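# generate coordinates for the sequence data below:
(one chain, ligands or ions: 3)
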Amino acid sequence: MTFGRVNPQFRLEDQGIEGLGNVYYNYLEPALIESALARDEGTLGQGGAFLTTTGKYTGRSPKDKFVVKTPSVEDTIWWDNNAPMDPEGFDALYEDMLAHMKGKEYFVQDLVGGADPRHSINVRMVTELAWHGLFIRTMLRRPDAEDLQDFIADFTVINCPSFQADPAKHGCRTETVIAMNFDRKLILIGGTEYAGENKKSVFTLLNYLLPEKGIMPMHCSANHAKNNPVDAAVFFGLSGTGKTTLSADPDRVLIGDDEHGWSDQGTFNFEGGCYAKTINLSEEAEPEIYATTSKFGTVIENMVFDPDTKELDFNDDSLTANMRCAYPLHYISNASESAMGGHPKNIIMLTCDAFGVLPPIARLTPAQAMYHFLSGFTSKVAGTERGVTEPEPTFSTCFGAPFMPRRPEVYGNLLREKIARHGATCWLVNTGWTGGAYGTGSRMPIRATRALLTAALDGSLANAEFRKDANFGFEVPVQVQGVAELLLDPRRTWDDKSAYDAQAAKLVQMFSDNFEQYLPYIDSDVKAAAIG
Ligand SMILES: Nc1ncnc2c1ncn2[C@@H]1O[C@H](COP(=O)(O)OP(=O)(O)O)[C@@H](O)[C@H]1O
Ligand SMILES: C=C(OP(=O)(O)O)C(=O)O
Ligand SMILES: [Mn+2]
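Ligands and ions are numbered 1, 2, ... in the order given. Sure thing, here's the model as predicted:
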């Protein structure tokens with residue numbers, strides 16, 4: 001049996017997917033929640049939020065992600081960064097997955113990736129879990145009901161968490177698999193319930209497709225000035241650096257929190273929802289995001305809650321530190337309806353430096369911006385156990401290596417050309433540690449980061465006095481209204497200056513060791529901006 005609304009010419013059977021049990025096409029949020037509850041996939045939370053857990057996989061599995069090595073993509077994929085899968089392995093995987101799916105209920109969501117209709121793609125998401133259907137409907141762009149009537153997917157994603165892949169037969173690594181086949185226009189996900197795989201698969205797809213059209217795909221959040229969509233800003237950054245938190249700025253209009261394109265017409269969100277971290281989420285520091293956790297249809301993953309009141313415990317990370325909530329863009333009061341903006345006037349590169357070395361904000365020349373974009377630096381704190389004091393450096397090119405199918409220079413050159421053409425100002429912002437490294441110092445107060453961003457984005461920071469940073473050569477403001485002067489000079493925040501100098505030398509060395517791989521591919525001015 002089939003239920004719901006679908007293009008009668010484009011049912012699963014028309015795609016060769018047959019023999020399933022009931023198929024629920026394009027259910028809206030209330031029916032998806034009813035289905036998820038009836039299937040015992042989770043529980044109803046305060047305000048009608050949907051609360052669930054994802055078992056063993058509470059984050060992405062980048063090592064289990066594969067690109068199928070077909071002749072048409074052989075020369076365009078960056079194979080050093082994307083694990084190859086043989087077409088034969090993929091075909092076997094697809095066959096086995098279809099066999100596994102037989103007789104089971106599936107949920108189909110016909111959605112759009114890309115808020116700008118000139119550059120969007122149609123994606124059909126076929127999910128075993130009703131709440132995955134709710135999640136991806138929340139996260140992507142939702143077509144009007146009448147447009148479903150002739151919807152044809154450009155790509156189809158099948159997500160079947162109960163399927164276990166077989167490394168020997170399918171050419172994968174474990175029972176978990178995310179396999180992308182650009183020729184067959186198919187992405188298969190198995191063996192993981194973490195919902196983020198759904199949205200990041202579509203992101204990877206757009207990162208592959210858009211450069212060919214001259215569009216720069218970016219792992220960034222974006223917002224624009226109130227009443228002035230032309231005054232847009234983008235915030236690049238790896239996970240945990242503050243894209244979602246800082247783009248939801250009460251004084252600006254939110255375009256999106258994670259994935260955007262930069263075309264000849266300007267900036268556009270790929271998505272229609274946000275995916276925020278809820279660990280230690282503070283009502284006072286982030287009132288807008290906090291409020292979404294008790295709204296109808298918000299999907300809450302891996303949070304501990306009171307079984308009677310359903311009150312969420314924002315401090316309990318016993319299931320994972322990566323607790324999440326997914327909500328539609330319009331749950332943030334000043335979100336853009338079109339999810340589009342002008343060419344970025346400011347480009348912020350966010351980093352969370354747990355070494356406590358980088359200043360809270362620095363202005364970058366275009367060459368320095370390219371250097372930091374290719375470096376893609378952030379750091380993870382080694383763990384939450386007491387006594388662990390060594391942070392772990394992470395260099396992930398383009399601030400998102402796991403999602404980049406093409407070579408870094410493809411994205412680097414596109415960005416560079418757009419920055420030059422539109423005269424964007426670039427900044428590096430450290431949301432990480434101050435007053436010492438992780439273990440002794442403390443995280444930069446969100447209030448300070450916000451004040452610095454406000455000054456950068458409203459243009460007032462341009463008039464400040466700047467000093468040249470001794471370690472990285474970029475310009476650092478000496479004084480900014482509303483921010484303690486001491487914070488602007490990380491060395492001054494450390495009690496032990498020689499410890500700071502030693503830590504800074506170590507970080508400079510890490511940057512320069514990492515950058516060696518890019519030296520053969522970059523222009524001489526970026527080489528000159530390279531440090532060490
Ligand atoms: N100064 C700061 N700037 C941004 N985020 C901060 C800061 N201090 C602490 N945080 C916390 O760090 C996390 C940033 O995560 P998030 O915004 O989800 O990053 P991303 O979207 O880049 O993955 C949030 O939990 C936020 O509360
Ligand atoms: C959804 C994710 O993105 P981010 O942490 O950047 O918000 C993720 O990395 O799984
Ligand atoms: Mn985010």
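
# give me the buried positions along stretch 362-370.
Within stretch 362-370, the residues scored as buried using 16 or more other C-beta atoms under 10 Å are A362, R363, L364, P366, A367, Q368, A369, M370. The C-beta positions use only the backbone N, C-alpha and C, and glycine is treated the same way.

# next: stretch 26-34.
Those would be N26, Y27, E29, A31, L32, I33, for stretch 26-34 by 16+ other C-beta under 10 Å.

# give the contact list for the fourth one.
Contacts for A31 (C-beta atoms under 8 Å, 6 or more residues apart in numbering) come out as G4, Y24.

# looks to me like it is in a helix.
Yes - assessed with DSSP: H, G, I helix; E, B strand; the rest coil, A31 lies in a helix.

# from ligand 2, how far off is it?
As judged by C-beta to the nearest ligand atom, to the nearest Å, A31 and ligand 2 stand 26 Å apart.

# what's the answer for A362, then?
22 Å.

# so what sits opposite that residue in the bridge?
The partner list for A362 in beta bridges (DSSP bridges) reads L428.

# returning to that earlier point: can I get the buried residues of stretch 26-34 in a markdown table including pLDDT and distance to ligand 3?
Below are these laid out as a markdown table (pLDDT from 0 to 100; distance: C-beta to the ion, whole Å):
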| residue | pLDDT | distance to ligand 3 |
| --- | --- | --- |
| N26 | 98 | 27 |
| Y27 | 98 | 26 |
| E29 | 98 | 22 |
| A31 | 98 | 28 |
| L32 | 98 | 23 |
| I33 | 98 | 24 |
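
# between those, which is closest to A153?
N26 (12.2 Å; C-beta to C-beta).

# that older thread, ok, so of the buried residues of stretch 26-34, who is nearest ligand 1?
E29 (23.2 Å; C-beta to the nearest ligand atom).

# from the buried residues of stretch 362-370, which is closest to ligand 2?
The closest of the buried residues of stretch 362-370, once distances to ligand 2 are taken by C-beta to the nearest ligand atom, is A369, at 20.1 Å.

# the closest one touches I347, doesn't it?
Yes - the pair A369 / I347 is scored as a contact, 6.7 Å apart, by C-beta atoms under 8 Å.

# any common contacting residues for these two?
I419, C426.

# specify the local secondary structure of R406.
R406 ends up coil, using three-state DSSP.

# now do the same contact list for it.
T76, I77, W78, N207, Y208, P211.

# again, 6 Å this time
R406 makes contact with W78 under the criterion C-beta atoms under 6 Å, 6 or more residues apart in numbering.

# any idea how many residues pack against the closest residue to ligand 3 within the chain?
For the chain, the nearest residue to ligand 3 under the criterion C-beta to the ion is T244, separated by 3.5 Å. Using other C-beta atoms under 10 Å, T244 is surrounded by 23 other residues.

# run the chain-centre distance for the helix or strand containing it.
Assessed by DSSP states H and E, T244 sits inside helix 243-247. Per C-alpha atoms, centre = their mean, to the nearest Å, the displacement of helix 243-247 from the mean C-alpha position of its chain is 11 Å.

# quick check: residues of the protein near ligand 1?
237, 239-246, 276-277, 279, 431, 443-444, 446, 449 (C-beta under 6 Å from any ligand atom).

# so of the residues you listed, which ones are in strands?
A276, K277, R443 (DSSP state E).

# filter those down to the buried ones.
Buried among these by 16+ other C-beta under 10 Å: A276, K277.

# nearest to R118 among the ones in strands among the residues of the chain next to ligand 1?
The closest of these, once distances to R118 are taken by C-beta to C-beta, is A276, at 28.8 Å.

# surely the closest one meets T245?
No - applying C-beta atoms under 6 Å, one finds A276 not in contact with T245, separated by 7.5 Å.

# pLDDT score for G89?
G89 is assigned 98 on the pLDDT scale.

# next one: P391
80.
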